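**Student:** need coordinates for the below:
(one chain, ligands or ions: 1)
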Amino acid sequence: MTRYTFCTVMLAAIAPCVLGLTGCSRNRSEADETPATMVYFDTASRETLTLPVGGDVPAAHPETGQRTLVPARYCPDCEHWHASPPLDVLQRDPRSRNCPKCGTPLKDGGPAAEPS
Ligand SMILES: [Zn+2]
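**Tutor:** Numbering: from 1, shown residues only. The predicted structure is shown next:
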């Protein structure tokens, strides 16, 4: 009886550690396999698309090859992605960080872009 109780206590103490470790290693391997992505706004078609982070801006569209992709930022009020202005405009005019329609501060992240 006491032996059974001892085992139960030990298991209860060890289980969270083991689960925590496996959880960590699984998350890390997923991060290694999945490249970081961000949402771009296509100034030509006015559509959004999700692509791996990196490269120059404006970035080349994977289908047209035209450099029409700029970073997109999300308005939680309009529930819409907007093209982010160039960095120099962002630094010069703080209002350019807000939604052009409703004035709500835009966020870098949001729901994944609709597959086109
Ligand atoms: Zn808005």
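**Student:** C-alpha only now, for contacts and for neighbours.
**Tutor:** OK.
**Student:** now for Gln91, how many residues are close by?
**Tutor:** By the other Cα atoms under 10 Å criterion, the neighbourhood of Gln91 contains 12 residues.
**Student:** could you confirm it falls within a helix?
**Tutor:** Yes: the assignment for Gln91 by DSSP: H, G, I helix; E, B strand; the rest coil puts it in a helix.
**Student:** let me know the pLDDT of Arg95.
**Tutor:** Arg95 carries a pLDDT value of 93.
**Student:** over to Lys107?
**Tutor:** Reading off the model, Lys107 has pLDDT 93.
**Student:** beta-bridge partners for the nearest residue in space to it that is not next to it in sequence, please?
**Tutor:** Of all residues not flanking Lys107 in the chain, Tyr74 sits nearest, at 5.0 Å (Cα to Cα, 6 or more residues apart in numbering). Beta-bridge partners for Tyr74, by DSSP bridges, are Trp81, Lys107.
**Student:** my guess is Tyr74 meets Ala112, correct?
**Tutor:** No: with contact defined as Cα atoms under 8 Å, Tyr74 does not reach Ala112; the gap is 10.2 Å.
**Student:** those two: which is more packed in?
**Tutor:** The neighbour comparison of Tyr74 against Ala112 (other Cα under 10 Å) goes to Tyr74, with 23 against 12.
**Student:** could you measure from that one over to Tyr4?
**Tutor:** Using Cα to Cα, to the nearest Å, we find Tyr74 at a distance of 56 Å from Tyr4.
**Student:** Lys101 now?
**Tutor:** Lys101 is 66 Å from Tyr4, by Cα to Cα.
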